[in-house]
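1. missing the sequence, but the structure's below:
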């Protein structure tokens, strides 16, 4: 009996790839369930206000909020707020990746550099980005740059810590194998360390973008004149409660869209990691 | 190094009185005790001993991942001083890079050393994958392959470098019986087509006799060479030989040697 015959007999041949469930139908089921969840949430909210649940005493109904939202959709300033907030988040987030990922890779790779820098990073890391705001305002020449700096900090430590952890989690066997096969340190870094740390870097990015949006509101309230966070604050000052909620929901949607985008990007960069 | 790999007489490995002790809290533990043997160029030697007897440690010494506490290891008269592509290890667990396609994995060694054009490397990698029955799987990722297929990729990834010595550290352990037999077939065929010095470690005596030109029977704790047995079964090896009288004779001799471990003092050994 030859090898191929044995192989097909035990079913380890071409039938190896599992059959995919019809993806389109799956997505529809998930999307429908998601929509049902949203509808249910809105219904509970409306009901809660109607039956005067105590903590909802001052909360407008979804219908009122929808009305305020409809009004904002006709206000060009609302779109400018979106754009400005997205721009701040984008710049802060990208800067955090540009500095955090290389630094994290190097810290993970070189034990000497890690023991040199780790204590400083570990002390700076627990400081909430908002605690940086006063210093940031003093330190940076424009309100815009201080907002971006605070957003940067929000994402920076998350991606840094995840990158370091990602490098350190790489199985020693891969590095040994690569060195045995004749790889130089540069090749090990480029073809083993970097792709090996990628899943963890991706996790850091996904968490980091969320934190960036969380920090945005406070940063815009303190130092801004515009943006979705400022919109929310301005509505509070004006006593327009439905608009506050529209601002909150807008930030929620923006954060959600960013996460989806990041996850798709990260998934695309790691084709080997795709779940069958 | 490349020219040495192509040299037909290259690949003589000399293990001379090699010992390895590890320091632990209670003092030093001797794992490998004055092992001496020689691997002839182009021969397949199988080291047989119970699991955990120190075979992997010896492999690590030969691979250069660790230094012997005493004694020396010579490859073509040169002392082994560190890991190198002239002595490749195929491990128990697969160490394929999950982020590279199968063909990228196989091409990794030659590309890393940069002594050969990309196109030529990939052509060789694909041909080799065809030889181990993975023609259609070159562009898959390792995670999309079964355990047996992954081990064959591993085999191809080592062989493509034409190492002077291949070190097989229980490469088929953990596979089901059918897959294991399939792997033995692929492996022995690859060896017979391009004979180079191979040291194959296993705790399966049947596998050892079927594959090898020579058996090294090892004792445990600390590990020593108990006995060497030459296997004069003809090549190419075929599965029907498993039922031949000669196979059974050698198999029984090997079992007797193994079970005598501990009852008899160190035998004639292989020291020359």
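-> Right, received. Where do you want to start? As the structure is a computational prediction, the values presented were derived from the model and not from experiment.

2. and the host helix or strand of residue B:15, what's buried?
-> Following DSSP states H and E, one finds residue B:15 within strand B:13-24. Across strand B:13-24, burial judged by 16 or more other C-beta atoms under 10 Å in any protein chain shown covers B:13, B:14, B:15, B:18, B:19, B:20, B:21. C-beta coordinates here come from the backbone N, C-alpha and C atoms, glycine included.

3. not counting sequence-adjacent ones, nearest residue to the first one?
-> Same thing as residue B:13. residue B:39 (4.0 Å; C-beta to C-beta, 6 or more residues apart in numbering or on different chains).

4. and if you look at residue B:56?
-> Going by C-beta to C-beta, 6+ apart, residue B:56 has residue B:169 as its nearest residue, at 5.7 Å.

5. contacting residues around stretch B:119-128?
-> B:103, B:106, B:107, B:110, B:111, B:135, B:138, B:156, B:159, B:160 (C-beta atoms under 8 Å, 6 or more residues apart in numbering or on different chains).

6. pLDDT below threshold where in the chain?
-> All of this is about chain A. In the predicted model of chain A, residues A:1-27, A:274-276 satisfy pLDDT under 70.

7. that was the other one, I meant chain B.
-> B:1-9, B:261-272.

8. all strands of chain B, in order?
-> Using DSSP state E, the strands found in chain B span residues B:13-24, B:27-39, B:44-48, B:70-75, B:78-79, B:87-90, B:165-169, B:197-202, B:214-218, B:225-230.

9. other SSEs contacting the first one?
-> Taking 3 or more C-beta pairs under 8 Å, 6 or more residues apart in numbering or on different chains; DSSP states H and E as the contact definition, the neighbouring helices and strands of strand B:13-24 are strand B:27-39, helix B:55-63, strand B:70-75.

10. direction included, what does that strand pair against?
-> Here strand B:13-24 is paired, per DSSP bridges, with strand B:27-39 (antiparallel), strand B:70-75 (antiparallel).

11. turn those into a markdown table, including mean neighbour count.
-> Formatted as a markdown table, the strands paired with strand B:13-24 follow (neighbours: other C-beta atoms under 10 Å in any protein chain shown):
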| stretch | mean neighbour count |
| --- | --- |
| strand B:27-39 | 18 |
| strand B:70-75 | 17 |
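
12. contacts for stretch B:80-91 next, please.
-> A:173, A:176-177, A:179-182, B:1, B:4-5, B:59, B:61-65, B:73-75, B:109, B:113, B:151, B:154-155, B:158, B:161, B:163-169, B:171.

13. got the domain boundaries for chain B?
-> B:1-86+B:165-272, B:96-162 (automatic domain parsing).

14. out of these, which comes closest to residue A:125?
-> Comparing these against residue A:125 with C-beta to C-beta, the closest turns out to be domain B:96-162 (28.4 Å).

15. residue A:56 reaches residue A:48, doesn't it?
-> Yes - contact criterion C-beta atoms under 8 Å: residue A:56 and residue A:48 qualify, at 4.9 Å.

16. helices and strands around the helix ranked longest in chain A, which ones?
-> Assignment by DSSP state H gives helix A:76-109 as the longest helix of chain A. Secondary-structure packing of helix A:76-109 (3+ C-beta pairs under 8 Å, 6+ apart): helix A:111-124, helix A:143-168, helix A:194-223, helix A:228-238, helix A:241-269.

17. and that helix, which residues are buried?
-> Buried-residue list, helix A:76-109, by 16+ other C-beta under 10 Å: A:78, A:81-82, A:84-86, A:88-89, A:91-93, A:95-97, A:100-101, A:103-109.

18. next, name the residue at the spatial heart of chain B.
-> residue B:168 (2.3 Å; C-alpha atoms, centre = their mean).

19. still on that earlier bit, comparing the domains of chain B, which comes out most buried?
-> Of all the domains of chain B, domain B:96-162 has the most neighbours on average by mean count of other C-beta atoms under 10 Å in any protein chain shown, namely a mean of 20.

20. next one: that one to chain centre, how far?
-> 18 Å (C-alpha atoms, centre = their mean, to the nearest Å).

21. first to last residue in that domain, what's the distance?
-> Start and end residues of domain B:96-162 are separated by 18 Å (C-alpha to C-alpha, to the nearest Å).

22. quick revisit: now the strand holding residue B:15 and helix B:55-63, what's the angle there?
-> Computed by axes from the mean of the first three to the mean of the last three C-alpha atoms, to 10 degrees, the angle separating strand B:13-24 from helix B:55-63 equals 120 degrees.

23. residues of the helix or strand harbouring residue A:36 that come out buried?
-> Element membership for residue A:36 (DSSP H and E) is helix A:23-50. Neighbour-count burial for helix A:23-50 flags A:45, A:49 (criterion: 16+ other C-beta under 10 Å).

24. quick one: list the elements packing against that helix.
-> helix A:62-73.

25. what does the helix it packs on contact?
-> A:42, A:45, A:46, A:60, A:78, A:240, A:242, A:243, A:245, A:246, A:249.

26. that helix to helix A:76-109, inter-axis angle?
-> Using the same axes, to 10 degrees, helix A:62-73 lies at 90 degrees relative to helix A:76-109.

27. from the chain's centroid, how far away is helix A:62-73?
-> Using C-alpha atoms, centre = their mean, the offset of helix A:62-73 from its chain centre is 27 Å.

28. list the buried residues for it?
-> By neighbour count on 16+ other C-beta under 10 Å, the buried set for helix A:62-73 is A:62, A:65, A:68, A:69, A:72.

29. out of everything not next to it in sequence, what's closest to the third one?
-> When you say that, I think you mean residue A:68. Nearest non-adjacent residue to residue A:68 (C-beta to C-beta, 6+ apart): residue A:242, at 3.5 Å.

30. ok, now how distant is that neighbour from chain B?
-> 49 Å (C-beta to the nearest C-beta, to the nearest Å).

31. sorry, back to before: closest one of the buried residues of strand B:13-24 to chain A?
-> Among these, residue B:13 lies closest to chain A (C-beta to the nearest C-beta), at 15.8 Å.
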